[in-house]
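A.B. asks: No sequence on hand, only this structure:
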């Protein structure tokens, strides 16, 4: 039995599992072990049904072969696949559970998509499929990693990711931030949402900031669902969506901010200096209940 040591601060490391549903029990077991040491693990879903083990899934597959799809089942399959590929775009890593090197057609398609998206992919065993073997040889992101070494490799990947982020953007101008977000949207994000949708997202992210502040500095207590949330990350979400809105509407935020500061400087030159409230100590402004 392999024992894994607890890993700190891995809340941002998202792992997506791939593999034949005949190996669902193995995927589930490994994901539970990795979740316990701090990784966020996502299992593939079989047509959005709550199937809990490999035997149950195989039984459903046999029934489909014998009796065909039931009403509405095709739509569920399509929706399950769509959700999976959305998660693939956003994950940090894919783990392929390929016992005895077996990889089916749908899993091969998922691996192909991961290759196009330049995702890191760990195979638990050497794949038998010739095309996947070729991808394994030519891609620096594909690697065979045994169960015994998987935690060490995940640690290494996490460290490289954090180091790369620091080296890539140690600091940036507002213009550079707009360009980086634009590149991200047009590659990973596919395209911008509509202006109204982005505005709704902005309101949602500001609400997340309010949630963190009310629990950190206010009187509310934290819930279990608040675990891992921090003010810096939530403010970054607000900034990201704000930049998306500026890019979508063709606004140069550098010029806009410069004009805005000039406006405020002229308008409020003496206003705050002459405000008696700002010259009082903060404690005096708080009236006892």
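C.D. replies: Yep, that arrived. Model, not experiment: these values are computed from the prediction.

A.B. asks: all strands of the stretch 51-200 of the chain, in order?
C.D. replies: Remark: strands assigned in the stretch 51-200 of the chain by DSSP state E, counting those that start in this stretch are 93-96, 120-123, 142-144.

A.B. asks: Ok, which of those strands comes nearest residue 190?
C.D. replies: Residue 190 lies closest, by Cβ to Cβ, to one member of those: strand 93-96, at 19.0 Å. The way it works is simple: take the backbone N, C-alpha and C, and place the C-beta from them, glycine included.

A.B. asks: for the record, mean pLDDT for that closest one?
C.D. replies: The average of the pLDDT scores along strand 93-96 is 93.

A.B. asks: ok, and what's touching that strand?
C.D. replies: Contact with strand 93-96 is made by 13-19, 30, 88, 103, 107, 110-111, 114, 119-124, 127, 150, 154, 157, as judged by Cβ atoms under 8 Å, 6 or more residues apart in numbering.

A.B. asks: Given that strand, what are its sheet partners and their directions?
C.D. replies: The pairing partners recorded for strand 93-96 under DSSP bridges are strand 14-18 (parallel), strand 120-123 (parallel).

A.B. asks: could you pull out the helices for the stretch 1-150 of the chain?
C.D. replies: For the stretch 1-150 of the chain, the helices defined by DSSP state H, counting those that start in this stretch occupy 24-36, 54-67, 73-90, 105-116, 130-138, 150-168.

A.B. asks: lowest-confidence stretch among those?
C.D. replies: Note on these: helix 54-67 shows the lowest mean pLDDT, a mean of 58.

A.B. asks: check contacts around residue 88.
C.D. replies: Contacts of residue 88 by Cβ under 8 Å, 6+ apart are 16, 94, 110, 113-114, 117, 119.

A.B. asks: Now do stretch 244-264, average pLDDT.
C.D. replies: Mean pLDDT, stretch 244-264: 94.

A.B. asks: Compute the first-to-last residue distance for that stretch.
C.D. replies: End-to-end distance for stretch 244-264: 25 Å, by Cα to Cα, to the nearest Å.

A.B. asks: Buried residues in it, which are they?
C.D. replies: Neighbour counts over stretch 244-264 (16 or more other Cβ atoms under 10 Å) mark 244-248, 253 as buried.

A.B. asks: which one of those is nearest residue 225?
C.D. replies: Checking the buried residues of stretch 244-264 against residue 225 with Cβ to Cβ, the nearest one is residue 244 at 25.3 Å.

A.B. asks: what helix or strand is the closest one on?
C.D. replies: helix 231-248 (DSSP states H and E).

A.B. asks: helices or strands next to the helix or strand just after that helix in the packing?
C.D. replies: Toward the C-terminal end, the helix or strand that comes next after helix 231-248 (DSSP H and E) is helix 253-267. Packing contacts for helix 253-267, counted by 3 or more Cβ pairs under 8 Å, 6 or more residues apart in numbering; DSSP states H and E, involve helix 174-187, helix 231-248.

A.B. asks: Could you export those as JSON lines, including distance to residue 142?
C.D. replies: Formatted as JSON lines, those follow (distance: least, Cβ to Cβ, whole Å):
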{"stretch": "helix 174-187", "distance to residue 142": "20"}
{"stretch": "helix 231-248", "distance to residue 142": "30"}
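
A.B. asks: Pick the most deeply packed of those.
C.D. replies: By mean neighbour count, with neighbours taken as mean count of other Cβ atoms under 10 Å, helix 231-248 ranks first of the helices and strands packed on helix 253-267 at a mean of 17.

A.B. asks: Skipping its backbone neighbours, what lies nearest the residue nearest the centre of the chain in space?
C.D. replies: Against the mean C-alpha coordinate of the chain, by Cα atoms, centre = their mean, the closest residue is residue 90 at 4.6 Å. With Cβ to Cβ, 6 or more residues apart in numbering as the criterion, residue 90 has its nearest non-adjacent residue at 6.9 Å, and that residue is residue 14.
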